[in-house]
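Chemist: Provided below are the primary sequence and the corresponding predicted coordinates.
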Amino acid sequence: MILVIEIVCCSILFAILLIWRIKTKPEWKIQDMPKVLQKKVVRKREYRRKNFKIFTEKEKTLKRLPFYILSVVLLTVMMWFAGARSFAKGFIYSFLLCVIVKLVCVLVIDCGWYAHNKKVWIDGTEELAPKSYQNYRYYFGTIPRAMLIAAFMAVFTGFFVDIMPRMENDNYADKYTEVNDILNEAVKNYKVPGISVMVVDSEGILFSDNYGKCKSSQTPFVVGALGKSFTASCIMKLSREGSLRLEHTVDRYVDAKKYFKDPSDAKKITIRQLLNNTSGLGVYQHLGNAKIVNKNGQYTYANINYDLLGKVIESVTGETYNEYLTKNILKPLGMYNTSADERTAKENGLIQGYRNYFGVNLPSAAKFPDEDSWATESAGYITSSAADMGKYLQMFLRGGYGVVSEKGISTMLYNRVPTEKSGKYQYGMGWLYTDEYVEPVFNHSGRAQNYMSSMYLLPESDMGIVILADTNDYLVTNDLMDQISNKVMLTLLGHAAKELDPYAYEDSHMIINLIYIALVIVGIVEIIRARKWKRNTEGNMIINIFLHLLLPTAIMLLPVIIGVPYWVIWEYARDSFIVLTLSAFLLYIGGLMKLKK
């Protein structure tokens, strides 16, 4: 609306200025008229006395240069008030204004008023009127050149509009310098090999940088569970098109016998429940052994929900998940370094991932899923760059941007279920919501075997944040990266955040490694002692039962006690799996050696 008002006002203003200029100095108009008319005027005595000169195109441009510079300044201010905050909008808005004003001048002033008003014609040139003053084709012929000039001015206007948010925000330098320091410290103190960060608003990029081994914001990472939001976006798009309904049960779209232990369970679970993680399916289930084990309708975060949604998408569209995602979400948003395909990810330059062993990050190739994996592409194996994720977050800030409907975006964010009794945290569809910060925050984190990621959506501040890292340290760094991400988010909002302990990584791993060493040493010592062992007291017997039966059994049953399968510990905390298994084995062996004696 503001842009329309600006166009109308500028058109009227320029028209008045042109009319005034022509009336007070009619020969000025001759500079832009056909050469035959210019020669006629130059030969007239009164203009010879005035040293009237016809300028070349180069001279005209140079004389008008101050006007063009002033115009760019004014255009920048006007476009800012019109709501432009990015280069694209600044360029389009200013170009549109310049072209419309030019058309008004040609149609109203040149073809209308000037061509038919003999009072403003230069004396002695009236006989040329039909060929010059009323040469409408000539007037319209000036438009392409004017459009070219308008394009040049629009380029500069778009550039200045794009950098104005930084100039406008007095805290810009301090705020982003602090973010830069936080992430540099993360790489240094917490031994994160590579980090890529992108901060955007609905109009453009606010901040972008790369740290450690990551050198470009175009470099893809495995984004883990951030991909659930992509899957939910695909479902929203299909729902809008009428290809599926959120209230329909899963059995209408997939072969229940193929994916469920009990096919009747598929008749009890709706698409909406899969999106909200309220299906009742188990945390560590995968395709083929899906079974309702929790209360149907109650929140339980489980990859299997989004594994099934990926199969729903494939069933409804007749395309692979990657094909549908690429064609309907990624390409329209210009996300060319994002994929749900292993080969494409590697072609795009997927960054080297790292596993953490005893506090040391070692290179580890990304392990992409198959049909039997705990998390398939639709639940956690999309690869994307920080730059592409910035574009994705902008889609939400722009109400879907025509890729997903505004209603679909609203459903994903605001159709939520509580994740615990207090309701402080709520899960939407691929997004976790909380109001524990200074304003409502939508976020999600991602964990793969050798990658970590976090994304935030702050609608009230019109801001999106994504942080990608190329390592996974289940016991220490994952929690530290969550703290780092939260601090970055709060810093960008201009609020104080808890100070990070620079020694947290080393101290935590030192304590854990000491526990590991103690467990292994106990096992080794008991084997050494077993060679000289003699059953001589009842006290020794009790101690040995504890050391060689109860303790190693407790160690082996630890995954069962904490509810985490052995294979999850092997995939996500391999050093822990090795130490626990080794220490239990040594204690059992020591016990057998003593028993033999």
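Modeler: Nice, thanks for sending it over.
Chemist: going forward, measure contacts between C-alpha atoms and count neighbours the same way
Modeler: Will do.
Chemist: residue contacts, Gly90?
Modeler: Contact analysis of Gly90 by CA atoms under 8 Å, 6 or more residues apart in numbering lists 76, 79-80, 84, 154, 157-159, 161-162.
Chemist: correction: the previous question concerned Cys98.
Modeler: 147, 150.
Chemist: what about the strands in the stretch 101-250 of the chain?
Modeler: Remark: strands assigned in the stretch 101-250 of the chain by DSSP state E, counting those that start in this stretch are 194-200, 205-212, 221-222.
Chemist: what about the first one, average pLDDT?
Modeler: Meaning strand 194-200. Strand 194-200 shows a mean pLDDT of 95.
Chemist: in stretch 506-523, what counts as buried?
Modeler: For stretch 506-523, burial by neighbour count (16 or more other CA atoms under 10 Å) applies to 509, 512-513, 516, 519-520, 522-523.
Chemist: ok, so of the residues you listed, who is nearest Glu436?
Modeler: Relative to Glu436, the closest of the buried residues of stretch 506-523 is His509; by CA to CA it sits at 29.7 Å.
Chemist: for that closest one, which non-adjacent residue is spatially closest?
Modeler: Nearest residue to His509 in three dimensions, chain neighbours excluded: Gly359, at 5.7 Å (CA to CA, 6 or more residues apart in numbering).
Chemist: what about that neighbour, distance to Lys367?
Modeler: Separation of Gly359 from Lys367 (CA to CA, to the nearest Å) stands at 21 Å.
Chemist: if you count surrounding residues, which of the two has more?
Modeler: Gly359 (21 against 14; other CA atoms under 10 Å).
Chemist: and the protein, what are its domains?
Modeler: 2-168, 179-338+372-492, 504-596 (automatic domain parsing).
Chemist: between the ones you listed, which gets nearest to Lys498?
Modeler: Closest among these, using CA to CA: domain 179-338+372-492, at 7.1 Å.
Chemist: flag every buried residue along stretch 552-569.
Modeler: Going by 16+ other CA under 10 Å, stretch 552-569 has these buried residues: 552-553, 555-556, 559, 569.
Chemist: with stretch 212-230 instead?
Modeler: Neighbour-count burial for stretch 212-230 [16+ other CA under 10 Å]: 212, 214, 216-230.
Chemist: endpoints of that stretch, how far apart?
Modeler: 28 Å.
Chemist: the host helix or strand of Ile5 packs against which elements?
Modeler: Here Ile5 sits within helix 2-24, counting by DSSP states H and E. Where contact means 3 or more CA pairs under 8 Å, 6 or more residues apart in numbering; DSSP states H and E, helix 2-24 is packed against helix 27-30, helix 57-81, helix 87-104.
Chemist: now the buried residues of stretch 552-569 as CSV including distance to Tyr414?
Modeler: Shown next, in CSV, are the buried residues of stretch 552-569 (distance: CA to CA, whole Å):
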residue, distance to Tyr414
Pro552, 48
Thr553, 46
Ile555, 43
Met556, 43
Pro559, 36
Ile569, 34
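Chemist: possible to save those residues as a markdown table with distance to Asn276, secondary structure and pLDDT?
Modeler: Putting these into a markdown table (distance: CA to CA, whole Å; DSSP: H, G, I helix; E, B strand; the rest coil; pLDDT from 0 to 100) gives the following:
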| residue | distance to Asn276 | secondary structure | pLDDT |
| --- | --- | --- | --- |
| Pro552 | 40 | helix | 87 |
| Thr553 | 38 | helix | 89 |
| Ile555 | 35 | helix | 87 |
| Met556 | 34 | helix | 87 |
| Pro559 | 27 | helix | 82 |
| Ile569 | 26 | helix | 89 |
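Chemist: quick check, nearest of the residues you listed to Asn337?
Modeler: Once CA to CA is applied, the member of the buried residues of stretch 552-569 that ends up nearest Asn337 is Ile569, at 30.9 Å.
Chemist: chain neighbours aside, what residue packs nearest to that closest one?
Modeler: Phe577 (6.0 Å).
Chemist: burial measure for that neighbour, as a count.
Modeler: 18.
Chemist: that one against Val568, yeah?
Modeler: No. Using CA atoms under 8 Å, Phe577 is not in contact with Val568; the gap is 9.5 Å.
Chemist: comparing the domains of the chain, which comes out most buried?
Modeler: Of all the domains of the chain, domain 179-338+372-492 carries the top mean neighbour count, a mean of 21, counting by mean count of other CA atoms under 10 Å.
Chemist: where does pLDDT dip in the protein?
Modeler: Within the chain, the stretches with pLDDT under 70 are 1, 21-64, 85-86, 110, 112-142, 164-173, 533-539, 597.
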